[in-house]
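*Asks:* Let's see this in three dimensions:
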Amino acid sequence: MTEDQLELCLKARQSLNAAQVLLNNGFPDYAASRAYYAMFYIAEAFLEGEGMSFSKHSAVISAFGRDFANTGRIPVPFHRFLIEAQNLRNSGDYGGLNSVTNKEAEEQINRAIQFLELAEQQLGSFDIEDR
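*Replies:* Residues are numbered from 1 along each chain as shown. Now for the predicted structure:
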């Protein structure tokens, strides 16, 4: 794992922790947003390993699907999880007040946990002590 990938993975872990805090304190809209970012940073870390970097979220999501899910390098549902998380994040960030339910936010957090586990399996440990 490169230093840039490690930084993205650590940022993903922080976003996941923030999502859990936000959900526990009654902010499911913002929890879903942070869970999305946890997944997004992991997707960026995978792409970074291939020397790819994009400025638009849609480009990251597209390349992640094309180069990792469609090729079988990661399970296909992870691409779908990322797409669905972005849609829910948009609802939470730009929609009406309380547009994301606790259940929806919790599901996104669980998916973000799966993203972090996938990254550790395929990219390596995020623990600085292990490096």
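*Asks:* what's Leu118 sitting at in phi/psi?
*Replies:* Here is the backbone geometry of Leu118 (degrees, to the nearest 10): phi -60, psi -40.
*Asks:* Give the burial count for it, as a bare number.
*Replies:* If you count neighbours by other C-beta atoms under 10 Å, Leu118 ends up with 17. Using the backbone N, CA and C atoms, a C-beta is placed for each residue, glycine as well.
*Asks:* Which pLDDT value goes with it?
*Replies:* At Leu118, the model reports a pLDDT of 95.
*Asks:* cool, Val60 as well?
*Replies:* pLDDT recorded at Val60 is 97.
*Asks:* shift numbering so it begins at 9
*Replies:* Yes, from this point I'll number from 9; that puts the last item at Val68.
*Asks:* Looks like it contacts Leu55 (just checking).
*Replies:* Yes. With contacts counted by C-beta atoms under 8 Å, Val68 reaches Leu55, the gap being 6.6 Å.
*Asks:* what is in contact with those two at once?
*Replies:* Counting by C-beta atoms under 8 Å, 6 or more residues apart in numbering, the residues touching both Val68 and Leu55 are Phe62.
*Asks:* Spatially nearest residue to Arg97 (excluding sequence neighbours)?
*Replies:* In space, and not counting its chain neighbours, Arg97 is closest to Tyr44: 3.9 Å by C-beta to C-beta, 6 or more residues apart in numbering.
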